[in-house]
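Asks: I'd like to go over a predicted model; first the sequence, then the structure.
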Amino acid sequence: MSGGMEDHDVQKLAELGYRQELTRAWSSFTNFAISFTIISVLAGCFTNFSFAWGGGGPAAIAWGWPILCGFVLLVAFSMAELTSAFPTAGGPYWWAAKLGGAGWSWFTGWFNMVGLVGIVAGVGYGAAIFLNAVLSLYGLKIGGIDFATSNPSAVLHHEFVLFLLILVLYTVVNIFADRLLGLFNNISFWWHVLGVLLIIGILAFVPDHHQSAGFVFGHKLNNTGFHGGAIGGAFFWLYILPVGFILTMYTQTGYDASAHTAEETRGAALGAAKGVWKSVFYSAIAGWLVLLAFLFAAHDVPGINKAGGSSISIFETAMNNHIWAAKMVLIIATVGQLFCGAAGLTSASRTWYAFSRDRGMPGWALFRRLNQARVPLYAVIAVSIASLIITIPAYWGNKVGTPWAYFAITAICTVGLYLAYIIPVYLRLRQGDKFVPGPWTLGRHYRWVNTGAILFVVLVVYALDIPTVPAGVPFKHGFTWTSVNYSPLVLLVGIVVAIWWQVSAKNKYTGPVRTIDEAPMDIPGERPEPGPAAPTPAA
């Protein structure tokens, strides 16, 4: 199976203009597992829970998650069809080039890159927050660091140090354990599945008290500070509820990883395409179950509100008499987030590598190079450094110790990714029946699926760009910069990229480059071998 399938994959890649350079060793399951890992309900559902708790409350979470995930599936189905037609590491920017030209590709590539770097930074810092909470519960003191302290500035310092260590771990794993990454992703899938089941079991049986179904599906909250805390009227439905969208939308990102790793997947035209939508579908189910477990266990509403509505506060208040259970939940979530971040770096580095292969990144000649293990070494390092740089402001936080920059990163990366996802979907819809699909296709349903996906992303961009608290509204009394929702910075990125395009990039970036027509890239320790003959371009 493997030989014939791999030959077909190599030939298909040659038709798209590329020589097989990355190692094609992943199965379809592993391809699905990396997207499932990056979505990670053990990351997003835990770290951004407070937004939805304060922006709508239990009812908004219980009903909002499955409804929003249904629309996310429209985006995933649309991307799966494109992945099947164009199974390359470039993913969205490559699709945009094929369907709309170099200009569309340029913008898509940069939005995608901003979003993917944000994922690595956001997940890594989220894992640091949870790891710090675990060490705090154990009352550990390491090297003079007292993790049990409640001093806000000390906690921020500890979290940043842990973030640095985690980022180094991600980088080392991606460089030196590349051949194990597929195994890690497979293990991560089962860690997430079994971990979710164990967490649900703990929250169902350990706490002494639980909420009723009426509370979970009917209780609303408005802890944003807007509109006097009102939980009714048009403002609540059109403004407060969208504030909580980030819980679902940040969690349901990163499934483009199945496309970015298509060149490492056997049978990619089908396997990678299915990996895109299946990861969203199964994460939607797992995420809803774990969120419902949170809500049924959230019996101490005043205590949770006082702690800002964090998921950690639910575990601590629900199981304050069973601290071992709270520790276990936090450990399961922290390990899941570590898996998630490592996979996120894999996806981001493959995009950086592919965009460099097509001359889209400054310093592309360096970043497209592979080491002896066929790992894009410099792309991995570049993503890690970029992730560190954008997270530096989180070291200071605000006066109560909230790492506002971390929440800014999660919002920015979510908006950036969804813009990158939807641009090629729009271009595919515009192309209509002229589009030549791969083996996985939407058929005649593409019209309503693509249209629904586009309208949904417009709503998402609105929801994630609005101020989340009154102190974040410019020119309003009490305004502080640490309360600003920095998501609109993605639009500033778009302006910078547009100026760059007009000034010079349009004269240099032509879209995908047929590297198969070039001499084979020199890989240390390997003797260059000729790739498959370049197919004759279709008329």
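Replies: Received it, and whenever you're ready, just let me know what you need.
Asks: let me know the pLDDT of the residue nearest to residue 105 when sequence neighbours are not counted.
Replies: Nearest non-adjacent residue to residue 105, counting by C-beta to C-beta, 6 or more residues apart in numbering: residue 97, 3.4 Å away. (Each C-beta comes from the backbone N, C-alpha and C, glycine too.) Looking at residue 97, its pLDDT is 94.
Asks: what of residue 9?
Replies: At residue 9, the model reports a pLDDT of 83.
Asks: then residue 59?
Replies: Predicted confidence (pLDDT) for residue 59: 97.
Asks: and the next helix or strand past the host helix or strand of it?
Replies: Element membership for residue 59 (DSSP states H and E) is helix 57-85. Next along the chain after helix 57-85, taking DSSP H and E as the criterion, comes helix 92-100.
Asks: for that next one, packing partners?
Replies: helix 57-85, helix 102-137, helix 323-357, helix 404-431 (3 or more C-beta pairs under 8 Å, 6 or more residues apart in numbering; DSSP states H and E).
Asks: now that helix against helix 57-85, angle please.
Replies: For helix 92-100 against helix 57-85, the angle by axes from the mean of the first three to the mean of the last three C-alpha atoms, to 10 degrees is 60 degrees.
Asks: contacts for helix 92-100 next, please.
Replies: Outside helix 92-100, the residues within contact range by C-beta atoms under 8 Å, 6 or more residues apart in numbering are 79, 82, 85-86, 88, 90, 104-109, 112, 256, 259, 351, 354-355, 358, 360, 420-421, 423-424, 427-428, 430-431, 435, 511-512.
Asks: same thing with stretch 193-212?
Replies: With C-beta under 8 Å, 6+ apart, stretch 193-212 has contacts from 41-42, 58, 219, 286, 289-290, 293-299, 318-319, 321-322, 325, 328-329, 332-333, 335-336.
Asks: chain center to it, what's the gap?
Replies: Stretch 193-212 sits 26 Å away from the centroid of its parent chain (C-alpha atoms, centre = their mean, to the nearest Å).
Asks: tell me which residues of that stretch come out buried.
Replies: For stretch 193-212, a neighbour-count test (16 or more other C-beta atoms under 10 Å) marks 195, 196, 199, 200, 202, 203, 206, 207, 210, 211 as buried.
Asks: same question, stretch 236-253
Replies: Residues of stretch 236-253 classed as buried: 236, 239-253 (neighbour count, 16+ other C-beta under 10 Å).
Asks: repeat that for stretch 290-302.
Replies: In stretch 290-302, counting by 16+ other C-beta under 10 Å, buried: 290, 291, 292, 293, 294, 295, 296, 297, 298, 299, 300, 301.
Asks: how about stretch 373-385?
Replies: Judged by neighbour count (16+ other C-beta under 10 Å), stretch 373-385 contains these buried residues: 374, 375, 376, 377, 378, 379, 380, 381, 382, 383, 384.
Asks: please convert these to TSV, extending it with distance to residue 128 and pLDDT.
Replies: Output for the buried residues of stretch 373-385, formatted as TSV (distance: C-beta to C-beta, whole Å; pLDDT from 0 to 100):
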residue	distance to residue 128	pLDDT
374	30	82
375	25	87
376	25	91
377	25	92
378	25	95
379	23	95
380	20	95
381	20	96
382	21	96
383	17	96
384	15	96
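Asks: of all the residues you listed, which two lie farthest apart?
Replies: With C-beta to C-beta as the measure, no two of the buried residues of stretch 373-385 lie farther apart than 374 and 384, at 18.7 Å.
Asks: so where's the stretch 151-300 of the chain shaky on pLDDT?
Replies: Scanning the stretch 151-300 of the chain for pLDDT under 70 picks out the ranges 178.
Asks: from the buried residues of stretch 193-212, pick the one nearest residue 172.
Replies: In terms of C-beta to C-beta, no member of the buried residues of stretch 193-212 lies closer to residue 172 than residue 195, at 23.7 Å.
Asks: the closest one sits in which helix or strand?
Replies: Short version, using DSSP H and E: residue 195 is in helix 178-205.
Asks: distance from that helix to the middle of the chain?
Replies: On C-alpha atoms, centre = their mean, the centre of helix 178-205 falls 17 Å from that of its chain.
Asks: go on, stretch 478-493?
Replies: Using C-alpha atoms, centre = their mean, the offset of stretch 478-493 from its chain centre is 20 Å.
Asks: for it, what is the average pLDDT?
Replies: Stretch 478-493 carries an average pLDDT of 87.
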